[in-house]
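> I would like to see how this sequence folds:
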Amino acid sequence: MSQAGRLVVLVSGSGTNLQALLDASADPSYGATIVAVGADRDGIEGLARAERAGVPTFVEKLSGYGSRAEWDAAVAARIAAYRPDLVVSAGFMKILGDPTLSAFPVVNTHPALLPSFPGAHGVRDALAHGVKVTGCTVMLADAGVDTGPIIAQEAVRVFDGDDEHQLHERIKTVERELLVDTVGRMVREGWTVAGRTVRIGPGGEKK
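The predicted structure follows:
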């Protein structure tokens, strides 16, 4: 097998998606290794998960910089130091700036079937709309909010009586599996982007 793809994973909270990626990457056949985990805050479980796994970590707090542009540049520089093939935003609660987005492909997730229900309250908004099926999306991040090209999606049924927490927990279970599968396929098989269409598989360029 060719050299494993290098992943930098960004987190802001408990890091359950990160843990799924750590578990998957422990198998050499997965094709990827996590070379660093970055965060925008201290004292979170996501960083503790990385440290327990022996993965280097870094923290860049927005409050430590005089402007958003300075923070964007600092984050990009920290990521670049690890020479990633792919950056994974795994519950990272900041929108990444152009210095990162123009330098690296960034994979992000959203707990709804985009382009429906973008933004911070995708689960709540889907419930309020009365949908019978929602789900999760894995996408390439761009400068917008949940507007990047879609890589993969999976549906999740909405049951009578669901509240936001119950539905979100079911979506997160599916989301973890979809993220792990999608990232693994991207690093093993390559991918191409034509307009808004992302294809994984033979002939795809490993970006």
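
> is it fair to say residue 115 lies in a strand?
No - Residue 115 is assigned coil when assessed by DSSP: H, G, I helix; E, B strand; the rest coil, not a strand.

> residues touching it, list them.
When contacts are counted by C-beta atoms under 8 Å, 6 or more residues apart in numbering, residue 115 is found next to 146-147. Glycine gets a C-beta too; all of them are placed from N, C-alpha and C.

> Distance of it relative to residue 186?
Taking C-beta to C-beta, to the nearest Å as the measure, residue 115 and residue 186 are separated by 21 Å.

> Which parts of the protein are strands?
For the chain, the strands defined by DSSP state E occupy 5-11, 32-39, 57-59, 86-89, 106-110, 133-140, 150-157, 191-194, 197-200.

> Distance to residue 72, mean pLDDT and mean neighbour count for those strands - can I get that in JSON lines?
Compiled in JSON lines, the strands of the chain are given as follows (distance: least, C-beta to C-beta, whole Å; pLDDT from 0 to 100; neighbours: other C-beta atoms under 10 Å):
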{"stretch": "strand 5-11", "distance to residue 72": "13", "mean pLDDT": "97", "mean neighbour count": "26"}
{"stretch": "strand 32-39", "distance to residue 72": "13", "mean pLDDT": "98", "mean neighbour count": "23"}
{"stretch": "strand 57-59", "distance to residue 72": "15", "mean pLDDT": "98", "mean neighbour count": "16"}
{"stretch": "strand 86-89", "distance to residue 72": "13", "mean pLDDT": "98", "mean neighbour count": "25"}
{"stretch": "strand 106-110", "distance to residue 72": "13", "mean pLDDT": "97", "mean neighbour count": "23"}
{"stretch": "strand 133-140", "distance to residue 72": "18", "mean pLDDT": "98", "mean neighbour count": "22"}
{"stretch": "strand 150-157", "distance to residue 72": "24", "mean pLDDT": "98", "mean neighbour count": "17"}
{"stretch": "strand 191-194", "distance to residue 72": "22", "mean pLDDT": "96", "mean neighbour count": "14"}
{"stretch": "strand 197-200", "distance to residue 72": "24", "mean pLDDT": "96", "mean neighbour count": "15"}
